[in-house]
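1. Quick one, fold the following:
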Amino acid sequence: MSSSKIPRGEFRNPCPDLNNAAAKTAVDSLLAKVSQAHKKFGDPVVDDYAIASYPLDELQINLTGDEMTVTEIVEARIRLTIKASLETHCLTAFPYEEALEKASYWDGILKNRDDEEPDQILDSSPLLGLVFSVKDCIHVKGLPTTLGCSLRAGHNEAANADIVTRMLDAGAIMIAKTTAPQLMMSNTTQSPLWGTTRSSIYPAEKVQSPEDEFQVGGSSGGEASLVKIGGSHVGIGTDMGGSVRQPACLNELCGYKFTSELDKIRWELPKDFMTGLPHTTVPATAPGLLARDFSTLKAVADELHGDKYDHSRELSEDPEDDYRRYHPNAEADKEDLGNNPRIVFTTQHSSPEVEELILRLVRSLGQGDELSQASACDKLEDVDIKAWAAAWTEHAKEHGFDDARAMLADDPLIQRTLFDESRLSKTATSEEKRRWKPNPDKLSQLKATFIRQAAIGASPTRTDDDADKGRNGDRDDSGEDTDDDEEDKVENVILITPTYVLGGPVQNRAFVELDDAGESEIWCQIFNLLDWPAVSVPFRLDKSLWPRQDFRDKALASPDWAKHVPGYVKADPIDYEGGPYDANDRLPFLSVQFATIPGNEPALLDYVERVLKRT
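-> The predicted structure follows:
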């Protein structure tokens, strides 16, 4: 596996000999800007880690209560972004001056609000106080979209991607653009232009070689490093085969993949406007979010979705009259009606640790309280892993190669890439080209079999009529469904699967071995081929209820898995400086993936939030 030749903490151009003057200027300018900011703002302090530990709703309480300013939040994020850049080389752009200007603007709005209620400001700017970052492949006006290619380093974009505009319009502030692998064709994060992005998780034991370091993953690895260190509250990435969920899992973050068909966000844009490559539909390239805390990720996803709850109506329609009598401008607290989906689960192709976590989790959900108890827990019949993996590879390697070749120009090709030079060869025979062509019928059969195995009766495709009348049909005053057309409903079914075969942080040596063995991220790839929404979440298990060491012991007892199991990791300063956790070295957090059918996204996010509160 390719590893960085630059020692961690040494800050210099990773490839100064690229045959492109604009590339050298772009990298050197970034290094100079980070160094300048470091001299001005210094290193992170305890209060910065505390700020980074707050979910968005707590930040907003502090802002509207005049306990904190937006500028203080942004300055904390700046110091943490500098730390991330120096230690992991995760940035491609750092417009911190613009972030400070925007912070000053919002502080003025809050200070001079006169009689305007804080709630009214948050209603119009629901992401106020949120600092976000975007992956290199997503366009930001005035900044380059390089895709790790020196040829693109000197071209600044003329417009924002729609998802960036939506974030800014909702009051969020952008802090940085982050690294992605060359041409977006790798599950690690490396390019000749920006070098190798490292994980911000540190082994507890002294690192003897680069193989002992943790792997950051990809292709949204830059986002993962920055969010983990706390420079960004939410990172926006893209996901074609786990490119948000895999690095989220490897860096103990929450990672949400939307579907590629979004009602509220223009995503399938003209060539070279969104990602720099033609839009990929199979496997679907979808936007995604990474965050340390799930409640903030959910708040951003809900804002971008713009949808109301269907299966999980958060509140009843019965406000208390007495409350409104004394608070005429406010609504009363309402009763939580719960969210009780049918769970379909699998532990297929996972380590003993992940298997044990999923089985215990499912047992817990089957016995939970009425607000989150599953209506049923059904085990998914084993799927044809190799057939799914072959289908994903066939389709993923079909897209954008002529454009990628042009972008690559004279840059050296990285290792561990999907880019296949032979497919562009003029000497390729017709038989070779025929073999390369994906088989859509085979994929259709895989999808149909999967839906049958999961016993999903409703169509996962939302119709225009569904959108007009609500995907659950009409309800009477008791909350019961009254729509007679059962076939039009989308079932509230949530699947629980592995995210990554090892379940969490993985050291470089094991990453390569598992990747070479194949299918280490297959459950991410399956949901890209299906184009279903999915979210990976880490579990900080209660030691009294969830014996984490027992999970580890099961893996260590297996010769096939013991060699891949990572050691202890160093304590996360955001956890112990800003939260209730201690500063001792610990076992890595394990993650699992939750997914659902399109149209059921709000119920998915609501249910995961309930599950995390219970564990």
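
2. mind listing the helices for the stretch 501-615 of the chain?
-> 508-517, 522-530, 548-556, 559-562, 573-578, 601-614 (DSSP state H, counting those that start in this stretch).

3. and of those, who's closest to Ala76?
-> Comparing those by their distance to Ala76 (Cβ to Cβ), the top pick is helix 573-578, with 10.3 Å. In short, each C-beta sits where N, CA and C put it, glycine included.

4. Count the residues that sit near Val302.
-> Careful, residue 302 is Asp; it's not Val. Asp302: 17 surrounding residues under other Cβ atoms under 10 Å.

5. Start the count at 27 instead of 1 going forward.
-> Taking 27 as the first residue, the last one we looked at is Asp328.

6. and it, what helix or strand is that in?
-> Following DSSP states H and E, one finds Asp328 within helix 320-331.

7. Can you check what angle separates that helix from helix 627-640?
-> With axes from the mean of the first three to the mean of the last three Cα atoms, to 10 degrees as the basis, helix 320-331 and helix 627-640 are set at 170 degrees to each other.

8. Break the protein down into its domains, please.
-> Domain ranges of the chain: 47-331, 365-416+466-497+514-640, per automatic domain parsing.

9. would a markdown table of these with distance to Ser456 and mean pLDDT be doable?
-> Shown next, in a markdown table, are the domains of the chain (distance: least, Cβ to Cβ, whole Å; pLDDT from 0 to 100):
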| stretch | distance to Ser456 | mean pLDDT |
| --- | --- | --- |
| domain 47-331 | 23 | 93 |
| domain 365-416+466-497+514-640 | 19 | 90 |
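
10. Residues in contact with the helix holding Asp328: which ones?
-> For helix 320-331, contacts defined as Cβ atoms under 8 Å, 6 or more residues apart in numbering pick out 81-83, 152-153, 156, 158, 189, 192-193, 196, 198, 259-260, 280, 282, 284, 288-291, 315-317, 561, 563, 627-628, 631-632, 634-635, 638.

11. What about those residues, which are in strands?
-> 158, 260, 280, 282, 315-317, 561, 563 (DSSP state E).

12. Reformat those as JSON lines; add neighbour count.
-> Shown next, in JSON lines, are the ones in strands among the contacts of helix 320-331 (neighbours: other Cβ atoms under 10 Å):
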{"residue": "Phe158", "neighbour count": "25"}
{"residue": "Val260", "neighbour count": "27"}
{"residue": "Cys280", "neighbour count": "27"}
{"residue": "Tyr282", "neighbour count": "32"}
{"residue": "Leu315", "neighbour count": "29"}
{"residue": "Leu316", "neighbour count": "29"}
{"residue": "Ala317", "neighbour count": "27"}
{"residue": "Val561", "neighbour count": "29"}
{"residue": "Val563", "neighbour count": "25"}
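
13. What backbone torsions are found at Pro624?
-> phi -60, psi 140 (degrees, to the nearest 10).

14. ah, wrong one, I meant Arg368
-> According to degrees, to the nearest 10, Arg368 has phi -80, psi 130.

15. what's it in contact with, if anything?
-> Here Arg368 is in contact with 400-404, 517-520 (criterion: Cβ under 8 Å, 6+ apart).

16. and what of Glu627?
-> Neighbours of Glu627 in contact, by Cβ under 8 Å, 6+ apart: 284-285, 327, 331, 333, 559.

17. now do 6 Å
-> By Cβ atoms under 6 Å, 6 or more residues apart in numbering, the residues touching Glu627 are Pro559.

18. Then Gly257?
-> Gly257 sits in contact with 103, 106-107, 110, where contact means Cβ under 6 Å, 6+ apart.

19. any idea how far Ala597 lies from Tyr228?
-> Ala597 sits 9 Å away from Tyr228, going by Cβ to Cβ, to the nearest Å.

20. what's Ser258 in contact with, if anything?
-> 158-159, 201, 252.

21. How much space separates Glu113 from Glu239?
-> Where Glu239 is concerned, Glu113 sits at a distance of 11 Å (Cβ to Cβ).

22. what does Ile108 give?
-> 21 Å.

23. Check Thr372 too.
-> 31 Å.

24. What residues sit buried inside stretch 465-480?
-> Along stretch 465-480, these residues count as buried under the neighbour rule (16 or more other Cβ atoms under 10 Å): 469, 472-473, 476-477, 479-480.

25. Using CSV, write out every CA atom in it.
-> What follows is stretch 465-480, C-alpha atoms only, in CSV (Å, rounded to 0.1, in the frame of the first residue of the first chain):
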residue,chain,number,x,y,z
ASN,A,465,-24.9,-6.9,-17.3
PRO,A,466,-28.0,-4.9,-16.3
ASP,A,467,-30.2,-8.0,-16.3
LYS,A,468,-27.9,-9.7,-13.7
LEU,A,469,-28.1,-6.6,-11.5
SER,A,470,-31.9,-6.5,-11.8
GLN,A,471,-32.1,-10.1,-10.7
LEU,A,472,-29.9,-9.4,-7.7
LYS,A,473,-32.1,-6.5,-6.7
ALA,A,474,-35.3,-8.5,-7.1
THR,A,475,-33.8,-11.4,-5.1
PHE,A,476,-32.7,-9.0,-2.3
ILE,A,477,-36.2,-7.4,-2.0
ARG,A,478,-37.7,-10.9,-1.8
GLN,A,479,-35.2,-12.0,0.8
ALA,A,480,-36.0,-8.9,2.9
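
26. Format the helices of the stretch 527-641 of the chain as a markdown table; extra columns: distance to Thr205.
-> Converted to a markdown table, these look like this (distance: least, Cβ to Cβ, whole Å):
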| stretch | distance to Thr205 |
| --- | --- |
| helix 534-543 | 17 |
| helix 548-556 | 20 |
| helix 574-582 | 31 |
| helix 585-588 | 31 |
| helix 599-604 | 21 |
| helix 627-640 | 28 |
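
27. Pick the most deeply packed of the ones you listed.
-> Mean neighbour count, computed with mean count of other Cβ atoms under 10 Å, is highest for helix 548-556 among the helices of the stretch 527-641 of the chain, reaching a mean of 25.

28. That helix: how far from the chain's middle?
-> 15 Å (Cα atoms, centre = their mean, to the nearest Å).

29. re the thing from before, which of Glu113 and Glu239 has more neighbours?
-> Legend: neighbour count by other Cβ under 10 Å for Glu113 and Glu239, higher for Glu239 (21 against 17).

30. which residues touch the more buried one?
-> Glu239 touches 233, 534, counting by Cβ under 6 Å, 6+ apart.

31. one more time with 8 Å, if that's ok
-> Counted by Cβ under 8 Å, 6+ apart, Glu239 has contacts 34, 224-225, 229, 233, 533-534.

32. before we move on, what about Leu638?
-> Contacts of Leu638 by Cβ under 8 Å, 6+ apart are 320, 563, 565.

33. For Arg389, see how far away the last one is.
-> What it means is Phe565. 14 Å.

34. Comparing the two, which shows the higher neighbour count?
-> Under the criterion of other Cβ under 10 Å, the comparison of Phe565 against Arg389 puts Phe565 first, with 20 against 11.

35. From Ser470, how far out is the more buried one?
-> Distance of Phe565 to Ser470, given as Cβ to Cβ: 35 Å.

36. between the contacts of Gly257, which is nearest Pro464?
-> So of those, ranked by how close each gets to Pro464 (Cβ to Cβ), first place is Ala110, at 38.1 Å.

37. isn't the closest one right up against Phe120?
-> No: taking contacts as Cβ atoms under 8 Å, Ala110 lies outside contact range of Phe120: 10.2 Å.

38. Neighbours of Ala402, how many?
-> Using other Cβ under 10 Å: Ala402 sits among 12 other residues.

39. Bridged to the closest residue to it other than its chain neighbours, which residues?
-> Distances taken as Cβ to Cβ, 6 or more residues apart in numbering place Arg368 nearest to Ala402, at 4.7 Å, with adjacent residues excluded. Per DSSP bridges, the residues bridged to Arg368 are Ala402, Val519.

40. And Arg368, how close does it get to Thr285?
-> Taking Cβ to Cβ, one finds Arg368 at 20 Å from Thr285.

41. what do you get for Glu603?
-> Counting by Cβ to Cβ - Glu603 and Thr285 are separated by 37 Å.
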